[in-house]
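> the sequence isn't on hand, but the structure is:
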């Protein structure tokens, strides 16, 4: 029997799970966005997604989705906005 990788969750779920962790870059508290962005979309530092993944809140497929949205060059301080991940504007 081969191991199966879970598919990435919806963007909304990825962001909601990420909000459960505090941010390791700006220290935004759980349930608070790192930044309010374009058209009211919440933004999160990549450091926060990484923290959520380390805590088991996000799968590797979820992280692939987030890193693809971050682009080819990024740091822990890079911001990923909810609308960049496919949220309707």
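Arrived safely, thanks for sending. All values reported here derive from a predicted model rather than from experimental measurement. Residues are numbered from 1 along each chain as shown.

> for the longest helix seen in the chain, buried residues please.
As assigned by DSSP state H, the longest helix anywhere in the chain is helix 60-70. Neighbour-count burial for helix 60-70 flags 62, 63, 65, 66, 67, 69, 70 (criterion: 16 or more other C-beta atoms under 10 Å). Every C-beta, even on glycine, is put in place using the N, C-alpha and C of the backbone.

> so the third one makes contact with residue 14?
Right, the one you point to is residue 65. Yes: with contact defined as C-beta atoms under 8 Å, residue 65 counts as touching residue 14 (6.6 Å).

> residue 36: how many residues sit nearby?
11 (other C-beta atoms under 10 Å).

> quick one on the thing from earlier: mind giving me the packing neighbours of the very next helix or strand once past the longest helix of the chain?
Following helix 60-70 in sequence order, the next helix or strand is strand 79-81 (DSSP states H and E). In this structure, strand 79-81 packs against strand 42-45, helix 46-54, helix 60-70, with contacts taken as 3 or more C-beta pairs under 8 Å, 6 or more residues apart in numbering; DSSP states H and E.

> so what touches the longest helix of the chain?
Helix 60-70 is contacted by residues 5-9, 11, 14, 17, 46, 49-50, 53, 58, 74, 78, 80, 84-85 when judged by C-beta atoms under 8 Å, 6 or more residues apart in numbering.
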